[in-house]
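In: predicted structure and sequence below. I'll ask about it afterward.
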Amino acid sequence: MATGPKDWAAALKLFRDGTERPVLLDREQAQRISEEHPDYVADLVSEADRVADLCFRFPGYPEVSLSRPIDWNYEPITGQLLPTRPSDRINFRTLPGKMGLMWRLHRLQHLPWLAQAWLFTNDDRYCAAAFEQLDSWIDQNPPGHGIAWSGAMETGLRAIAITIAMQGLRDAPQLTPERFRRVVDVLSESARRCWEDRSRFSSANNHLIGEMAGLAVVAIMFPELRESRKWERSAIEVLSNEAGKQVLADGAAAEQSICYQLYTVELLHLVTALLIGRDGSAPVPLVEALGRSCSFLAALAGKGDPAPRYGDDDEGFALRLGVQPARTVHDHLGIVATSGRCAAQIDAGRDSLDAQWFRALAQSGSTSNRLLSSAEPDFARAPSFVAPHGGLVVLRNENRRITMDVGPLGYLSTAAHGHADALAVTLSEAGEDLIGDPGTGSYYGHPGWRTVVRGTRAHSTVCVDGQDQSVVAGPYLWLQHAGVEILGIDLEAGVVDARHDGYARLRDTVIHRRWLIAPPNERSQLIIDLITGKGSHSCEQNWPLHPSLDVVPVSDGHIASCRGSEALRFHYAATQPLTVSAVRGDEESNRGWWSDPAEGRTPAWWLSANCLSELPVVMVALISSDEGDINESLSVKSLKSQIVVQWVDGERSRNAVVDIDKPASVLLG
């Protein structure tokens, strides 16, 4: 190949010696991990046994087994044969079969498992399986043909997996100069396509990060390629620029998705860790982006909270070294903490096999520009905080966490992975989700699921006339975005006051304003929604619950219980007649579901309170986690410039007076 070395045998020797490149998978470190963490190794070897026998598991799909010889373009669940024609002539969105499964299979992210199993056990069965699978994949997927080459991001992720697996297998006798040349040729072509076909303009979201990370990893790990210096320089320049755009100043993700934040930051971390392992340093924009993100996530998740779900979640990985089926925030922080000394992320992080490998790489360098505390946002250790750029307010009280979304729909004009969830509220208690985003539903197999769960009615906010706050134009495209205005936030009092203009497009210029009132010394949360405009409209307040909760109706609301114990009470009131309803697991409407893996879902209760009336209207929800007598006295009055809410808490009469003309002005009595 024109970009390769002239002497492949000499190049292979340098690769085996780890000359002029960082070493992530290493036999000496494998021995240490085996001795110190036999449980990690046992889990890894067990999974490597499965993939060596061509058995694969992906979230949301049944286990699949491939036959020998492997047909990489045979979709084993439906029996579909995928086209092998030129990739630019394949519309993968219209192909039959389980495309999500095939994307994951073609990423070859299981190859590093086989490489590690060989390092841990010295059993040649694992390296033989890795080379057998890689050889057959290369034979059947020539560059530019088939679905494997129909996207630069998929090419970048696969290049990362192959590169890291090859390093783990570098001492294998089966790695001949000819095989080495063949694999590096594919990686060189992958790098070229990552650059030339990179995402641009409105599609330059996490895809661009994946493409540039793939380009950078190939360039860093194979310096013998003639284009490597140019590729590395170009990739690092783009990544440094994107790190400042996609990881916001407060550490939140521009894409408005926790899942894609983990994925994007782990790609940045991989490149940063490799540069530190080779040079002892990495570009400041990358290091600071990692620090910002980790401080935000550590403050958000604490030591045991789940990450509040918002936006899409495809459960993707930048690089799979451990065998966890999905990455949690705490797993992620444990990995990224290996390259830094940010106390918050270290405290919140969880150890893993991935973290062990990256920690060894970080310690192999003589120096390191580790993640500095100066890169942390001010809220890094605060129990309650607001991330103003990402638009998330977090209120805490003991082991309760409440969030309110006051941010934009998503990133760039497409907002591809955002959900129409402006002013949505989530609630977790003692590390368990109670009210949250019901997830992604489906990317490819069930478009009807995706349409519902990314829409407004699937989120804990107000839906007007059954329409989404933002205008959808496709499964990964929003045409018109709702804009949120933060009117006032009082963290000490636990008050958030914000509104959005998503329904201003309606004929009567409808505006939704919400007050979240969750004082830190109270066990109840009061949510007040003011919907203004003209004419008659249907205004529906929704509360999607975690599937662990059972629900029974009461006269003015619902009681939700978990494993036989009362968890939450919902009481509703409005200035106009109100109807209350609940739905669970409805196949026809696709409402009442919770999606953990993409392409899978579980029945869950979605609660609703609805007013069909002339505007303006005020709707109130009182959500309590205290057990006691059910009271039916919640009421609300709308005066000229005030909203007055009254209820009974045990034997106490309570009220909240909201001054509409003053931001975040709430008087509790």
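Out: Okay, I see it. Numbers count the residues shown, from 1 in each chain.

In: for I527, which three-state class applies?
Out: strand (DSSP: H, G, I helix; E, B strand; the rest coil).

In: who does it bridge with?
Out: Taking DSSP bridges as the rule, I527 bridges to L516, A621.

In: and the residue nearest the centre of the chain, what element?
Out: Closest residue to the average C-alpha location of the chain: C259 at 0.5 Å, with CA atoms, centre = their mean. Following DSSP states H and E, one finds C259 within helix 258-279.

In: output the contacting helices and strands for that helix.
Out: Secondary-structure packing of helix 258-279 (3 or more CB pairs under 8 Å, 6 or more residues apart in numbering; DSSP states H and E): helix 206-221, helix 228-246, helix 284-301, helix 329-336, helix 353-364. For the C-beta atoms, the positions are set from N, CA and C on the backbone; glycine is no exception.

In: how far does that helix sit from the chain's center?
Out: How far helix 258-279 lies from its chain's middle: 15 Å, per CA atoms, centre = their mean, to the nearest Å.

In: likewise stretch 134-145?
Out: With CA atoms, centre = their mean, you get 30 Å for stretch 134-145.

In: could you dump the helices and strands packed on helix 258-279 into a markdown table and include mean neighbour count?
Out: Output for the helices and strands packed on helix 258-279, formatted as a markdown table (neighbours: other CB atoms under 10 Å):
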| stretch | mean neighbour count |
| --- | --- |
| helix 206-221 | 28 |
| helix 228-246 | 19 |
| helix 284-301 | 25 |
| helix 329-336 | 26 |
| helix 353-364 | 21 |
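
In: among those, which comes closest to D314?
Out: helix 206-221 (9.9 Å; CB to CB).

In: got the buried residues for stretch 422-439?
Out: Under the neighbour-count criterion of 16 or more other CB atoms under 10 Å, stretch 422-439 has 422-429, 432-439 buried.

In: for stretch 20-30, that is, sorry about that
Out: So for stretch 20-30, counting by 16+ other CB under 10 Å, buried means R21, P22, V23, L24, L25, D26, Q29, A30.

In: ditto for stretch 594-612
Out: 594-601, 604-611.

In: tell me which of these fall in strands.
Out: Judged by DSSP state E, these include W594, W605, W606, L607, S608, A609, N610, C611 as members of strands.

In: circling back to that earlier point, quick one: the helix holding C259 to helix 228-246, angle?
Out: 140 degrees (axes from the mean of the first three to the mean of the last three CA atoms, to 10 degrees).

In: can I get helix 258-279 in CSV? Just the C-alpha atoms.
Out: Extracted as CSV, the C-alpha positions of helix 258-279 are listed here (Å, rounded to 0.1, in the frame of the first residue of the first chain):
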residue,chain,number,x,y,z
ILE,A,258,-26.1,11.5,29.2
CYS,A,259,-25.4,8.4,27.1
TYR,A,260,-23.7,10.4,24.3
GLN,A,261,-21.8,12.4,26.9
LEU,A,262,-20.2,9.2,28.2
TYR,A,263,-19.5,8.0,24.7
THR,A,264,-18.0,11.2,23.5
VAL,A,265,-15.9,11.8,26.6
GLU,A,266,-14.5,8.3,26.5
LEU,A,267,-13.4,8.8,23.0
LEU,A,268,-11.7,12.0,24.0
HIS,A,269,-10.2,10.2,27.0
LEU,A,270,-8.9,7.3,24.9
VAL,A,271,-6.9,9.7,22.6
THR,A,272,-5.8,11.8,25.6
ALA,A,273,-4.6,8.7,27.5
LEU,A,274,-2.7,7.4,24.5
LEU,A,275,-1.0,10.8,24.0
ILE,A,276,0.0,11.0,27.7
GLY,A,277,1.2,7.4,27.6
ARG,A,278,3.4,8.2,24.6
ASP,A,279,4.5,11.8,25.3
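
In: lowest-pLDDT helix or strand in this structure?
Out: Ranked by mean pLDDT, DSSP states H and E, the weakest helix or strand in the chain is helix 343-348, scoring a mean of 62.

In: can you tell me the element I623 falls in?
Out: Using DSSP H and E, the element containing I623 is strand 617-624.

In: what ranges do the helices span in the stretch 551-669 of the chain?
Out: For the stretch 551-669 of the chain, applying DSSP state H, counting those that start in this stretch gives no helices.

In: and if you look at the stretch 401-550 of the chain?
Out: Using DSSP H, counting those that start in this stretch, helices in the stretch 401-550 of the chain cover 447-453.

In: and for the stretch 101-250 of the chain?
Out: With DSSP H, counting those that start in this stretch as the criterion, the stretch 101-250 of the chain has helices at 111-121, 124-140, 152-168, 177-196, 206-221, 228-246.

In: now these as TSV including mean pLDDT and distance to K303?
Out: Output for these, formatted as TSV (pLDDT from 0 to 100; distance: least, CB to CB, whole Å):
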stretch	mean pLDDT	distance to K303
helix 111-121	98	29
helix 124-140	98	36
helix 152-168	98	30
helix 177-196	98	38
helix 206-221	98	27
helix 228-246	98	27
